[in-house]
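K.L.:
next come a sequence and a model predicted from it.
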Amino acid sequence: MAPLHRRSLLASAGALGLAPSAAARVLAPAVHVRRAPELLFAVKYGMVGGGGSMAERFARVRDLGFDGIELDSPNGYAEGEVVAAREATGLPVHGVVDSTHWNVRLSDPDPEVRTRAVADLRGAIQHAHAYGGSAVLLVPGAVRGEQETQEHVWSRSIEGIRQVLPLCARLGIHVLIENVWNGFCYQHGGPEDQTAETLRDYLDAVNSPWVGSYFDIGNHQKYGRPADWIRTLGSRIVKLDVKDWGKQAGFSKIGAGDVDWEDVRAALGEIGYTGWATAEVGGGDVDRLAEVHANMTRCLRAG
């Protein structure tokens, strides 16, 4: 087949009744417009100190300017207590963290443990739905010697996740994979310039609209550039965890480490990110939580 040139395509468009300007728009390359990311700020419930009932803690978070909160699952609270706190304060519970995923792993070599891990994930999905949330944060496994290699975590976790996808679809809840120091999809103890291609390919291998990335901005600062990971993962990112890390500071207050927050903001704008950004740092009383909010504002909304 002879190559089609722009002039030929425009002529063909004219034959179809398209005006030259319309034809030009059809042929124009996509333009990526950078814009400020649109973020909803949240905290983990375990960060909220100062005592009081759940409703009182929710109110404290709301009054500090946060848009929502995230709980663990299981969490020891009655479902009605969580819903009542949400209704009394108007503070959304935007999702839950599968809090057993480190010890009861989808990647465990014991099939019985993997079965329990799937059951715990189902429970977290049901909790997220009951609370009015939209997602479950999941660590899919851990690389631990010959019994849990990269390949094991990859295949075993995908097998487990696929078992809950019908429930995800029925309840409208996403399973979101967090990048953590679990040795999976990166080389633990490896170089500082690692990229997100393996994590991207893992998410694509799951191949479900109900599974995406819960990208933790600070977790892989030691192993790569968070902004570059954001650009690679793109629209696979559904939610963000927010922390910092530095060679001198270690895991630190937001803005006190080595994360290039200006580049992070640019990357989030480039991928058109809109959604939740949840702090995952040391919490405390009202003054400490106000500091967290101020740090998030300065680093993620500056300019």
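P.N.:
Structure received. Residues are numbered from 1 along each chain as shown.
K.L.:
got the buried residues for stretch 130-142?
P.N.:
Buried residues in stretch 130-142, counting neighbours by 16 or more other CB atoms under 10 Å, are found at Ala130, Tyr131, Gly133, Ser134, Ala135, Val136, Leu137, Leu138, Val139, Pro140, Gly141, Ala142. Placement of C-beta: from N, CA and C, glycine included.
K.L.:
in strands only, show me those residues.
P.N.:
Ala135, Val136, Leu137, Leu138 (DSSP state E).
K.L.:
pLDDT at the second one, what is it?
P.N.:
Predicted confidence (pLDDT) for Val136: 98.
K.L.:
which residue is the nearest non-sequential neighbour of it?
P.N.:
Ala124 (4.5 Å; CB to CB, 6 or more residues apart in numbering).
K.L.:
what's the helix or strand for the one you found?
P.N.:
helix 111-131 (DSSP states H and E).
K.L.:
how far is that helix from where the chain is centred?
P.N.:
18 Å (CA atoms, centre = their mean, to the nearest Å).
K.L.:
quick one: mean pLDDT over that helix.
P.N.:
98.
K.L.:
can I get the CA coordinates of it in PDB?
P.N.:
C-alpha atoms of helix 111-131 as PDB (Å, rounded to 0.1, in the frame of the first residue of the first chain):
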ATOM      1  CA  PRO A 111      -2.100 -22.000  49.600                       C
ATOM      2  CA  GLU A 112      -4.200 -21.900  52.800                       C
ATOM      3  CA  VAL A 113      -2.600 -18.500  53.700                       C
ATOM      4  CA  ARG A 114      -3.300 -17.200  50.200                       C
ATOM      5  CA  THR A 115      -7.000 -18.300  50.600                       C
ATOM      6  CA  ARG A 116      -7.100 -16.300  53.900                       C
ATOM      7  CA  ALA A 117      -5.500 -13.300  52.100                       C
ATOM      8  CA  VAL A 118      -8.300 -13.400  49.400                       C
ATOM      9  CA  ALA A 119     -10.900 -13.600  52.200                       C
ATOM     10  CA  ASP A 120      -9.400 -10.600  53.900                       C
ATOM     11  CA  LEU A 121      -9.300  -8.600  50.700                       C
ATOM     12  CA  ARG A 122     -13.000  -9.500  50.200                       C
ATOM     13  CA  GLY A 123     -13.700  -8.200  53.600                       C
ATOM     14  CA  ALA A 124     -11.900  -4.900  52.900                       C
ATOM     15  CA  ILE A 125     -13.800  -4.400  49.700                       C
ATOM     16  CA  GLN A 126     -17.100  -4.900  51.600                       C
ATOM     17  CA  HIS A 127     -15.900  -2.500  54.300                       C
ATOM     18  CA  ALA A 128     -15.000   0.200  51.700                       C
ATOM     19  CA  HIS A 129     -18.400  -0.200  50.200                       C
ATOM     20  CA  ALA A 130     -20.200   0.000  53.500                       C
ATOM     21  CA  TYR A 131     -18.400   3.100  54.500                       C
END
